[in-house]
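> quick check, what structure comes out for this input:
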Amino acid sequence: MAEGTYVKLTHEQASLQNITPGELNQPIDVAQLTARKCQECGQSLPPTYQPPADEDWSTGIFGCAEDANSCWTGLFCPYVLFGRNVESVNEDITERAACIGHVICVEGGMTVAALTAAFNGIIDPQTSFLICEGLFFAWWMCGIYTSMARQSLQRKYHLKDSPCDPCMVHCCFHWCALCQEHREIKCRLSNNIAPSTTVVDPPPVQEMNASDQNKEAELSSAKGDGRTGLEIQPV
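Coordinates of the predicted model:
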């Protein structure tokens with residue numbers, strides 16, 4: 001169509017002239033793009049989802065005996081178990097960094113209290129105050145520092161507060177909480193592992209040489225003609 005020419009509309013097309021400016025450039029609401037997503041796992045959340053999440057933990061807070069390995073590790077080396085849990089939840093933090101943070105915040109206060117009691121043979125009011133201050137520091141940092149890892153775990157798997165707030169859980173049941181978190185991570189990761197597939201080796205490539213081809217040709221020709229390999233000789 002040449003530039004500057006016009007087309008006469010029919011009666012059916014005449015109503016299209018009533019389109020207001022900008023009417024055809026309206027945004028389209030796509031549910032898959034506008035839906036809320038989880039900040040930890042990136043999955044789309046249903047419209048009925050309301051925080052906090054309501055999923056139950058796989059094991060209870062006092063189920064330490066269900067996993068003997070994590071139970072003994074949490075009892076004698078809680079900082080090691082804490083580092084493993086943090087690294088499993090957040091890949092940006094290494095196990096060593098989490099272990100060092102636990103040693104400084106939790107074991108550091110206990111060490112200060114123990115050294116204060118050891119170097120002061122007579123427990124006077126001033127010494128008792130220093131001991132209590134070191135223990136209070138350990139208890140306070142235990143609840144704050146270690147509860148952040150528990151909150152990250154709850155956000156990642158949409159777990160509810162059980163049996164209470166994460167900070168209070170680690171303040172009152174620190175070793176049991178570490179074991180519970182390790183069992184939860186272990187259970188969640190085992191559920192996400194794809195089943196092992198059976199590897200089947202292909203059959204070997206069969207090759208046929210010239211002698212085998214000649215034999216097969218002779219057999220096929222003999223079957224096709226109805227002959228046998230016997231010859232009749234006159235007597």
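> after the lengthiest helix in the chain, next one along is what?
Ranked by residue count under DSSP state H, the longest helix found in the chain is helix 125-157. Once the chain leaves helix 125-157, the next helix or strand it forms, by DSSP states H and E, is helix 166-172.
> on that earlier part again, show me which residues of the longest helix of the chain are buried.
130-131, 134-135, 137-139, 141-143, 145-147, 149-157 (16 or more other CB atoms under 10 Å). C-betas here are computed from N, CA, C, even on glycine.
> mind checking pLDDT for the residue lying closest to Glu55 once chain neighbours are set aside?
Distances taken as CB to CB, 6 or more residues apart in numbering put His158 closest to Glu55, at 4.9 Å, once the chain neighbours are dropped. In this model, His158 is scored at 83, pLDDT.
> check the one 4 residues further on too.
pLDDT, Ser162: 81.
> and the nearest residue to it once chain neighbours are set aside, which of the three is it?
Distances taken as CB to CB, 6+ apart put Trp57 closest to Ser162, at 5.4 Å, once the chain neighbours are dropped. The three-state assignment at Trp57 reads coil, by DSSP: H, G, I helix; E, B strand; the rest coil.
> quick one: contacts for Trp57?
Listed by CB atoms under 8 Å, 6 or more residues apart in numbering, the contact set of Trp57 reads 159, 162, 180, 184.
> what do you get for Leu178?
Contacts of Leu178 by CB under 8 Å, 6+ apart are 70, 74, 78, 81-82, 85, 146.
> can you lay out those residues as a markdown table showing pLDDT and secondary structure?
Below are those laid out as a markdown table (pLDDT from 0 to 100; DSSP: H, G, I helix; E, B strand; the rest coil):
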| residue | pLDDT | secondary structure |
| --- | --- | --- |
| Ser70 | 89 | helix |
| Gly74 | 87 | helix |
| Pro78 | 89 | helix |
| Leu81 | 92 | helix |
| Phe82 | 91 | helix |
| Asn85 | 91 | helix |
| Thr146 | 89 | helix |
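> for those residues, which one is nearest Leu115?
Pro78 (19.8 Å; CB to CB).
> tell me how far that closest one lies from Pro125.
According to CB to CB, to the nearest Å, Pro78 stands 31 Å off from Pro125.
> got it, and Lys37?
In terms of CB to CB, Lys37 sits 56 Å off from Pro125.
> do the same with Ala138
Look at Ala138 and Pro125: by CB to CB, they are 21 Å apart.
> same question for His182.
41 Å.
> ditto for Ile144
Ile144 is 28 Å from Pro125, by CB to CB.
> likewise Ser147?
With CB to CB as the criterion, Ser147 and Pro125 are 32 Å apart.
> what's the answer for Leu159, then?
From Leu159 to Pro125 the distance is 45 Å (CB to CB).
> just Thr73 next, same as before
Between Thr73 and Pro125 the distance, using CB to CB, works out to 39 Å.
> how about Asp165?
34 Å.
> isn't Gln43 up against Ala35?
No. At 9.7 Å, Gln43 does not count as touching Ala35 under the criterion of CB atoms under 8 Å.
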